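A.B. asks: below are the sequence and a predicted model for it; my questions follow.
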Protein chains: 4
Amino acid sequence: MLRGIFAPIPTPFIDEEIAYGKLEENLAKWGATGLSGIVVLGSNGEQPYVDEDEKVELWAFARKHFPEDKTVIAGTGCESTRATVRLTKKAADAGAQAALILTPHYFKASMNEAALERFYTDVADESPIPVLLYNMPGNTGLNITPPLVKKLAQHPNIKGIKDSGGNIVQISEFLRDTPDDFVVVAGSASFLMPALVMGARGGILASANVIPDLCVRISELVSQGKYDEARSIQKSIIHLNRLVTARYGVAGLKATLDMIGYFGGMPRRPILPIGDNEKAEIRAALEELKVV
Amino acid sequence: MLRGIFAPIPTPFIDEEIAYGKLEENLAKWGATGLSGIVVLGSNGEQPYVDEDEKVELWAFARKHFPEDKTVIAGTGCESTRATVRLTKKAADAGAQAALILTPHYFKASMNEAALERFYTDVADESPIPVLLYNMPGNTGLNITPPLVKKLAQHPNIKGIKDSGGNIVQISEFLRDTPDDFVVVAGSASFLMPALVMGARGGILASANVIPDLCVRISELVSQGKYDEARSIQKSIIHLNRLVTARYGVAGLKATLDMIGYFGGMPRRPILPIGDNEKAEIRAALEELKVV
Amino acid sequence: MLRGIFAPIPTPFIDEEIAYGKLEENLAKWGATGLSGIVVLGSNGEQPYVDEDEKVELWAFARKHFPEDKTVIAGTGCESTRATVRLTKKAADAGAQAALILTPHYFKASMNEAALERFYTDVADESPIPVLLYNMPGNTGLNITPPLVKKLAQHPNIKGIKDSGGNIVQISEFLRDTPDDFVVVAGSASFLMPALVMGARGGILASANVIPDLCVRISELVSQGKYDEARSIQKSIIHLNRLVTARYGVAGLKATLDMIGYFGGMPRRPILPIGDNEKAEIRAALEELKVV
Amino acid sequence: MLRGIFAPIPTPFIDEEIAYGKLEENLAKWGATGLSGIVVLGSNGEQPYVDEDEKVELWAFARKHFPEDKTVIAGTGCESTRATVRLTKKAADAGAQAALILTPHYFKASMNEAALERFYTDVADESPIPVLLYNMPGNTGLNITPPLVKKLAQHPNIKGIKDSGGNIVQISEFLRDTPDDFVVVAGSASFLMPALVMGARGGILASANVIPDLCVRISELVSQGKYDEARSIQKSIIHLNRLVTARYGVAGLKATLDMIGYFGGMPRRPILPIGDNEKAEIRAALEELKVV
């Protein structure tokens, strides 16, 4: 259920309000690809900009309008333990099949290993659905270390980790230190192949919104031992991946979706839309991959 | 109204619920000191752990139970522009006299100067009360630069900045680049005197919860040109200040309050309370300052 | 000549003086392994602690006492262009077959892309032997970016890059952007397999001093498409690798050599030898790998 | 002897060779200012680009051609203890009156507090002249902590510290933790006044090469309690200071000297000279200060 390629979908807005019609159309398109599922309200869903009521509605809507045989994961992490537990329960009620839980991070200096261990244990104890750890040092300034992952992997309701840090040594250590059914997934398409080669089970990838089938293809080729072909695709997508992640973020990802027949639209403020030069750069990268 | 020493007060909890009775007692004590006012739901108020309804109730309660001639500032910054505007309006309705607005920071790479300029301008345009910028790089991973402060200081509703970064050169640049009535305040007691010497108008200081009158004394001595005495007090408080900020954070501050006759209590989870060794270290620092 | 596994050998000292007899014995042992060659006066050779005359003597000695069919690479990078050119010429005269050139880094803010491009071009123009770029952000605080590597790879005398940063995406970009005969080598055994899978040609690995044949084995298994076995060895060596690199550095590496029949000895000061607890930790890691 | 304002002078080069005639002229000019002395072969002297023989000659030359009643400090720090001791003895023989010793830093992970304590103790034990610690985190990536300074200040031959990090809290801690005759000096003009106000005894300032008498004036005004005037000058020099330090480094400093009647010339490579736009920016800053 948690294996394969997942798209952490953006939340579509028109005039700052959620555009459910557009979302339904997007879901239909992603549903027709090789994706194993989606994450609703991960970072690319602008989760910190979405109110609690909106979140619950989004999870229910997505579950309802996405193919039943594919998985819907909810991004439910908040800063406090109580809010995270509350949202995770609501996500489960709304039909989400797993919860992706970001590290609380505002009080960085207090979020030591003991605090994070307690946080994830408390949440997993209370969660009606399986929990995935979410390591996103670029946004949070915190790292979930291998020793902590090793401990947390023993909890019966903690089923895996999404790692967006991309430190391939650390990913290897997660894989070395956890049982086979603990799912390590790549958090960016830029290191999908090396992560898979070391034993990762898939990816939750911003790029999977744009080039789902190329991402799925890399995964299949690695499974089949066809490394030369996988490597060639892997190298070819790094540039586009950077444009829709580190370089232009959610605004870049949304502009990209607009170019390929999905609805992207504007992010909520304070994120500003990207300009024409940035769009041209993205378009060139899409053309190079023959996506437009 | 924004000058002098302010305490960013902690939010008291019993069994994870806000303890209004304890808060009322604390407010009475702080109200009897030389403080110019308080910040309700700054970082030390555990603002990311407090729900929106709770926030509004806290602002109203604090305004009602704190001396009328002292200022109540509300920490209203959220990640999205819309939520920040909404909360700032609610804070004004609840009686807060100014809003302290943290930089949105989750999408660090997107929070460039243009985005932050737009964010603060949008919020200040809509805010019924004066806005203070809040620069807290240690928690946010972002810095508000001198050129941005220079621009924003021209907005009629942006009245100052709290700087918790402590880069004294940058503080000097803020003071060089803004008009006299733009209020720069130190965000930590550890650099209160050097900031005042360069022209800062006061401080919003975690330590002001614990040693309000020593902080006020530094400010008075600098105003009077009595630098030798100010320097001596300044040096004496750095150690305690570190314990209740960088080293042990909100949990340390709360434990400290419990030692000096205020109610501190436990932080909301995932912040863990500090242990006995840490408490002994704090007690020793308090004894050195003759506070206990 | 630059492909395969290389050991960046430590410089043996007795009472702070170079112990050539011990070095000769070590060289004979490494020469009998599957290593393709050695680097003399890389970081693990304590190059910043070795005087210019000593360096020249070491290169000549190593070339003389190491098997002729194996490669000797000299670490010749200095802060100034003129010293780097001078040392590189001396290394060539002493018989070194290639030069590994660290980024100059003391004046970090001045070492922009233009300065580094000019530096490497100047050195490669003057060097009688092929030049390898050496990217070591952990020690230098600087990174050689993919666009710069792409440019420099066009120089006829710049033949490759050792990357010790371990960012697998960046390594993939180096491989994407350079011709097939430009040699990218892993700078640490902890990411040897993923680097090889993406197209790297080998590694210059501190661990190759200690477990040369395990490192060679990973390389062979990847070449043969035996990924499961390679992955298993790769995971097994990460822990030991950390102990002899990031955690205990040169002092740890030298203590390890003393445990396995080589001469390690003491580093030059100010590096302090490791203590008994650290040695026990290393011994346990060696036992786990059945090296002792 | 170590109090007051010092200029860490650049080393003049013509065609990459030391230009002693130009140096003599510069020394005569600096000698006629209010400077207390100079540092020969600090960072601004491009010390990592200067060979050992050249260093010794430079120290002797500077001592010979600089007014006898002013102090010449030699930058003698190297990576190894043995080289640092050797150079410090040579500097003393050449007439230098104190040695400024940078933290060794290439092996950052090994340069823990114990290693640095041993390093500075070893050097101070052997040095015929007083030792100044040199904390330069921007270039070295390492910080000398207050607890270490406290310990080292007890050594009879360690007489002070130059701090270029500019953390005013840490500077305050150095001053809190060391005896009155331990000299703390600011390492940049940008925080000269706040450091003096907290008790620093002077500064070793890149800007003191360009505006020696303004720097001296700040120091005098603070001594006289004329804080308003001092503050005004302090704020006015921050911009120029940034241009000749963080922004354009040694190349910027040298170009600036060329504009004001000193000889600046070119840095040794790999540092590149600055361009015309950068020069215009500096010229404007000089004009604002009425220096040209």
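C.D. replies: Ah, there it is.

A.B. asks: need the contact list for the residue of the stretch 151-292 of chain A at minimum distance from chain D.
C.D. replies: For the stretch 151-292 of chain A and chain D, the shortest gap (C-beta to the nearest C-beta) falls at residue A:169, measuring 15.6 Å. To be clear about C-beta, it is placed using only N, CA and C from the backbone, and glycine gets the same treatment. Counting by C-beta atoms under 8 Å, 6 or more residues apart in numbering or on different chains, residue A:169 makes contact with C:166, C:188, C:190-191, C:238.

A.B. asks: are we agreed that it is in a helix?
C.D. replies: Yes: assigned with DSSP: H, G, I helix; E, B strand; the rest coil, residue A:169 falls within a helix.

A.B. asks: so what's it scoring on pLDDT?
C.D. replies: For residue A:169, the pLDDT comes out at 98.

A.B. asks: with residue A:166 instead?
C.D. replies: What the model reports as pLDDT for residue A:166 is 98.

A.B. asks: just give the closest residue to it, not the sequence neighbours.
C.D. replies: Closest residue in space to residue A:166, ignoring its immediate chain neighbours: residue A:191 at 4.9 Å, by C-beta to C-beta, 6 or more residues apart in numbering or on different chains.

A.B. asks: check residue A:129 too.
C.D. replies: Closest to residue A:129 by C-beta to C-beta, 6+ apart is residue A:92, at 4.6 Å.

A.B. asks: now that neighbour, what's its secondary structure?
C.D. replies: helix.

A.B. asks: residues of the stretch 1-150 of chain A that sit close to chain C?
C.D. replies: Residues of the stretch 1-150 of chain A lying near chain C by C-beta under 8 Å from any C-beta of the partner chain: none.

A.B. asks: closest residue of the stretch 1-150 of chain A to chain D?
C.D. replies: Nearest residue of the stretch 1-150 of chain A to chain D (C-beta to the nearest C-beta) works out as residue A:109 at 15.6 Å.

A.B. asks: now that residue. Nearest residue, chain neighbours left out?
C.D. replies: Distance criterion C-beta to C-beta, 6+ apart; nearest residue to residue A:109, sequence neighbours excluded, is residue B:249 at 5.5 Å.

A.B. asks: which among the contacts of residue A:169 gets closest to chain A?
C.D. replies: Using C-beta to the nearest C-beta, residue C:190 is the member of the contacts of residue A:169 that sits closest to chain A, with 4.4 Å.

A.B. asks: now for that closest one: which residues touch it?
C.D. replies: Applying C-beta under 8 Å, 6+ apart, the residues near residue C:190 are A:169, A:172, C:166, C:237-238, C:241-242, C:245.

A.B. asks: neighbours of the residue nearest to residue A:109, how many?
C.D. replies: 24 (other C-beta atoms under 10 Å in any protein chain shown).

A.B. asks: distance of it from residue A:118?
C.D. replies: Counting by C-beta to C-beta, to the nearest Å, the gap from residue B:249 to residue A:118 is 15 Å.

A.B. asks: can you count the residues close to residue A:240?
C.D. replies: 25.

A.B. asks: what's the answer for residue A:32, then?
C.D. replies: Neighbours around residue A:32, by other C-beta under 10 Å: 10.

A.B. asks: check which helix or strand covers residue A:256.
C.D. replies: Element membership of residue A:256 [criterion: DSSP states H and E] is helix A:249-259.

A.B. asks: ok so, going back, which of the contacts of residue C:190 sits closest to residue A:137?
C.D. replies: Nearest to residue A:137 among the contacts of residue C:190: residue A:169, at 13.9 Å, using C-beta to C-beta.

A.B. asks: can you tell me how far that closest one is from residue C:103?
C.D. replies: Counting by C-beta to C-beta, the separation of residue A:169 from residue C:103 is 22 Å.

A.B. asks: next one: residue A:20
C.D. replies: For residue A:20, the distance to residue C:103 equals 52 Å [C-beta to C-beta].

A.B. asks: what's the closest non-adjacent residue to residue A:187?
C.D. replies: Nearest to residue A:187 is residue A:164, by C-beta to C-beta, 6+ apart, at 3.0 Å.

A.B. asks: swap that for residue A:160, sorry
C.D. replies: In space, residue A:160 is closest to residue A:183, 3.2 Å off (C-beta to C-beta, 6+ apart).

A.B. asks: ok, the one you found - contacts?
C.D. replies: Residue A:183 neighbours (C-beta under 8 Å, 6+ apart): A:2-3, A:132, A:159-161, A:201-202.

A.B. asks: if we use 7 Å, what do you get?
C.D. replies: Residue A:183 makes contact with A:2-3, A:159-160, A:201, according to C-beta atoms under 7 Å, 6 or more residues apart in numbering or on different chains.

A.B. asks: what's the answer for residue A:216, then?
C.D. replies: Contacts for residue A:216 (C-beta under 7 Å, 6+ apart) come out as A:5, A:34.

A.B. asks: residues in contact with the top helix by length along chain A?
C.D. replies: Assignment by DSSP state H gives helix A:227-242 as the longest helix of chain A. The contact list for helix A:227-242 (C-beta under 7 Å, 6+ apart) reads A:188-190, A:192-193, A:207, A:211, A:214, A:217-218, A:221-222, A:285-286, A:289, C:169, C:172-173, C:175-176, C:197-199.

A.B. asks: among the residues you listed, name the ones in helices.
C.D. replies: A:192-193, A:214, A:217-218, A:221-222, A:285-286, C:169, C:172-173, C:175-176, C:197-198.

A.B. asks: just to revisit the earlier point, my guess is the residue of the stretch 1-150 of chain A closest to chain D contacts residue B:246. True?
C.D. replies: Yes: under the criterion of C-beta atoms under 7 Å, residue A:109 makes contact with residue B:246 at 6.3 Å.

A.B. asks: which residue sits closest to residue A:194, ignoring its sequence neighbours?
C.D. replies: Nearest residue to residue A:194, sequence neighbours excluded (C-beta to C-beta, 6+ apart): residue C:194, at 3.9 Å.

A.B. asks: who's the closest spatial neighbour of residue A:55, skipping the chain neighbours?
C.D. replies: Nearest non-adjacent residue to residue A:55, counting by C-beta to C-beta, 6+ apart: residue A:41, 5.7 Å away.

A.B. asks: which residues are in contact with the one you found?
C.D. replies: A:47, A:50, A:55, A:58, A:74-75.

A.B. asks: so what's the backbone phi/psi at it?
C.D. replies: Reported as degrees, to the nearest 10, the phi and psi values for residue A:41 are phi 80, psi 40.

A.B. asks: now residue A:265
C.D. replies: phi 80, psi -160.

A.B. asks: residues contacting it?
C.D. replies: Residue A:265 neighbours (C-beta under 7 Å, 6+ apart): A:12-14, A:19, A:254.

A.B. asks: how deep is residue A:258 tucked in, by neighbour count?
C.D. replies: Per other C-beta under 10 Å, the neighbour tally for residue A:258 reads 14.

A.B. asks: so how far is the helix holding residue A:256 off the chain centroid?
C.D. replies: 15 Å (C-alpha atoms, centre = their mean, to the nearest Å).
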